[in-house]
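1. how would this look folded up:
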Amino acid sequence: MSRIGRLPIDIPAGVTVTVDGQEVAVKGPKGELTLTVASPIEVKVEDNQVLVTRPDDERESRSLHGLTRTLINNNIIGVTQGYSKGLEVVGTGYRVQQKGSSVEFALGFSHPVLVEPPAGITFTVEGNNKLTVSGIDKQAVGEAAANIRKIRKPEPYKGKGVRYAGEVVRRKAGKAGK
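-> Model prediction:
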């Protein structure tokens, strides 16, 4: 059995989990998330716990067992605490500033780059080089942060660009002087 998949998920106070066939809806203080469970996996709610089971030991069932349990657990954490990802803008003249709900980046291009937040995601700017992407859906937060980082990835010679908070950029030596 999957070590992760067989663990029961405790439902915290203020959170309701409803299972309707293959749809699992999680509602909490920060919002509501739904998940469609792949067909061989079964989800049950029993005495304030969510149990994820699989009918057989086929390869597909085994691979989906732990995944489904983790996705449901991520939704429960999302509607109670939420998720956030920090980004840092590094480089001379590189900065970020809030423009309403969206953010504007100056990243060495000939034009400023305006980024609109996707549905359910909020951007928070601290100072002129730190940005926090937050929301209740872990996948959406990670994707929004990755799309912002993709605008100007950190380059290996000077380390300039947009990087995750705490990310270590491997530096290369430049051209050798005479």
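
2. use CA for all of it now, contacts and neighbours both
-> Noted.

3. can you list the residue ranges for helices in the chain?
-> Listed in chain order, the helices of the chain (DSSP state H) span 59-80, 138-151.

4. roughly how far is the longest strand along the chain from the heart of the chain?
-> What stands out as the longest strand in the chain, according to DSSP state E, is strand 83-90. The chain centroid and the centroid of strand 83-90 are separated by 12 Å, computed with CA atoms, centre = their mean, to the nearest Å.

5. that one - contacts with which helices or strands?
-> Packed against strand 83-90 by the contact rule (3 or more CA pairs under 8 Å, 6 or more residues apart in numbering; DSSP states H and E) you find strand 130-135, helix 138-151, strand 161-164.

6. partners of the first one in the sheet?
-> Looking at strand 130-135 with DSSP bridges, its paired strands and their directions are strand 83-90 (antiparallel), strand 121-126 (antiparallel).

7. could I have the first one exported to PDB, CA atoms only?
-> To tie it back to what came earlier, the one meant is strand 83-90. What follows is strand 83-90, C-alpha atoms only, in PDB (Å, rounded to 0.1, in the frame of the first residue of the first chain):
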ATOM      1  CA  TYR A  83      -0.400  29.400  -0.100                       C
ATOM      2  CA  SER A  84       2.200  32.000  -0.900                       C
ATOM      3  CA  LYS A  85       5.400  32.100  -3.000                       C
ATOM      4  CA  GLY A  86       8.000  34.900  -2.700                       C
ATOM      5  CA  LEU A  87       9.900  36.400  -5.700                       C
ATOM      6  CA  GLU A  88      12.900  38.700  -5.700                       C
ATOM      7  CA  VAL A  89      13.900  41.100  -8.400                       C
ATOM      8  CA  VAL A  90      17.700  41.300  -8.600                       C
END
